[in-house]
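Coordinates for the following, if possible.
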Amino acid sequence: MDVLWNFLQVGILGNFAWGNIIMLLIGCVFIYLGIARDYEPLLLVPIGFGMLVGNIPLSDGMNVGIYESGSVLNVLYSGVTQGWYPSLIFLGIGAMTDFSAMLSNPRLILLGAAAQAGIFLTFAGSLLLGFPASDAAAIGIIGGADGPTAIFLAGRLAPHLLGAIAVAAYSYMALVPVIQPPIIKLLTTRKERLIRMKPSRPVSKRIRIIFPIVAFILCAGIAPGAISLLGFLFFGNLLKESGVTERLAKTARNALIDTVTILLGLCVGASTDASRFLTPASIKIAALGAISFCVATAAGVLFAKAMNLFTRDKINPIIGAAGVSAVPDSARVCQMVGAKEDPQNFLIMHAMAPNVAGVIGSAVAAGIFLSHFVMKS
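Predicted coordinates:
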């Protein structure tokens, strides 16, 4: 009986906590949303199951938990805390991204820049809520709706908040189709939503090859803290556009990014142990993320409307919402909203311009924050 009792004490009977039960239920909700509602299943299913893995009650010292040094989960989690996974995901994103839409109409880059207002609003709001400046900077990146960048910066500046920041960032990325359409419709008229933009002009192969090289030098020069993100992003794009490394580009945008996404999602979910995740700080982070994502969407739309006051070649303000970094979901939402008004109005290629510009913008913002706080420390 003593052996049986000790055996039972190692598991849930000896380590029961209501917080773990709550997190197990949240994990099941994530899995449900990913499978039944098709909300970013490639993210929510791994994260949701990771929550189950990370919240099974067990005794300390078994060396299986994600925060126990040397355990399997702990070794895999180092890819999150050290920034390996976000950089490798940026490599895959670069290998699957076509910058032609942005290069053919460079003014749309401004929409991606405008949407980054969400980052700085979240940073200011975090400071007002009493977070230290370095924590506020890590939380701020949630406003760009860029999960890998948020994880990268949180691992450097606020590792104790990494789980809450990662879950908030990926949750709002998954809810793009729910959050953005009402904001777009609220801020635009039907006449504006019916605007048809001119087809993008073709971009030569030479320019597409030169762009990632020049863009990396310029962006990394401005924000050297983001070298590992920007370097992998533009390197992946060079592999795609060069035409001589298709095997490498194919691996980066398929097998590699899929493998890393599995590990990243599972580890992020497993890091949400109730004792670390269910805190007042996590609630504040979730609230700030929701507000900032709405503000980022609105800023992009309103800036597009403002640009139309000074140009004859009108921009459909719907595509301003794609300035957030949720690639390519925000661009798809723009296409969906525009097609409801006019099924023959194809906005997705135009929307990809601010969408990829937003990815670069959020990485640059993270690099600036990192450079500042590393120098300050």
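
Give me the below-cutoff pLDDT ranges for this protein.
Flagging of the chain using pLDDT under 70 yields the residue ranges 1-16, 59-61, 375-377.

right, and residue 72 touches residue 63 too?
No: Residue 72 is beyond contact range of residue 63, at 9.2 Å (criterion: C-beta atoms under 8 Å). All C-beta spots, glycine's among them, are computed from the backbone N, C-alpha and C.

Do a quick rundown of the helices in the stretch 251-377 of the chain.
257-270, 274-277, 280-308, 329-341, 348-376 (DSSP state H, counting those that start in this stretch).

so what does the shortest one touch, helix or strand wise?
Here helix 274-277 is seen to pack against helix 18-36, helix 162-174 when contacts are counted using 3 or more C-beta pairs under 8 Å, 6 or more residues apart in numbering; DSSP states H and E.

Turn those into JSON lines, columns for mean neighbour count.
As requested, the helices and strands packed on helix 274-277 are arranged in JSON lines below (neighbours: other C-beta atoms under 10 Å):
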{"stretch": "helix 18-36", "mean neighbour count": "17"}
{"stretch": "helix 162-174", "mean neighbour count": "26"}
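
Reformat those as JSON lines; add distance to residue 130.
What follows is these, written out as JSON lines (distance: least, C-beta to C-beta, whole Å):
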{"stretch": "helix 18-36", "distance to residue 130": "23"}
{"stretch": "helix 162-174", "distance to residue 130": "15"}
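
Which residue comes closest to residue 286 once chain neighbours are left out?
In space, and not counting its chain neighbours, residue 286 is closest to residue 168: 5.2 Å by C-beta to C-beta, 6 or more residues apart in numbering.

how close does the one you found get to residue 180?
Distance, residue 168 to residue 180, by C-beta to C-beta, to the nearest Å: 17 Å.

Quick check: residue 35 touching residue 42?
No: if you go by C-beta under 8 Å, residue 35 and residue 42 don't touch, sitting 11.5 Å apart.

between those two, what contacts are shared?
By C-beta atoms under 8 Å, 6 or more residues apart in numbering, residue 35 and residue 42 have no common neighbours.

which residues touch residue 350?
Here residue 350 is in contact with 101, 105, 108, 197, 200, 316, 319 (criterion: C-beta under 8 Å, 6+ apart).

Residue 354 now?
102, 108-109, 111-112, 115, 300, 319-320, 322-323.

gap between the nearest residue to residue 77 once chain neighbours are set aside and residue 24?
Distances taken as C-beta to C-beta, 6+ apart put residue 267 closest to residue 77, at 4.7 Å, once the chain neighbours are dropped. Counting by C-beta to C-beta, the separation of residue 267 from residue 24 is 17 Å.

How about residue 237?
Counting by C-beta to C-beta, the gap from residue 237 to residue 24 is 40 Å.

Output the contacts of residue 350 as a markdown table; include the columns distance to residue 143 and neighbour count.
Shown next, in a markdown table, are the contacts of residue 350 (distance: C-beta to C-beta, whole Å; neighbours: other C-beta atoms under 10 Å):
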| residue | distance to residue 143 | neighbour count |
| --- | --- | --- |
| 101 | 24 | 21 |
| 105 | 25 | 19 |
| 108 | 20 | 27 |
| 197 | 27 | 19 |
| 200 | 28 | 17 |
| 316 | 24 | 24 |
| 319 | 19 | 31 |
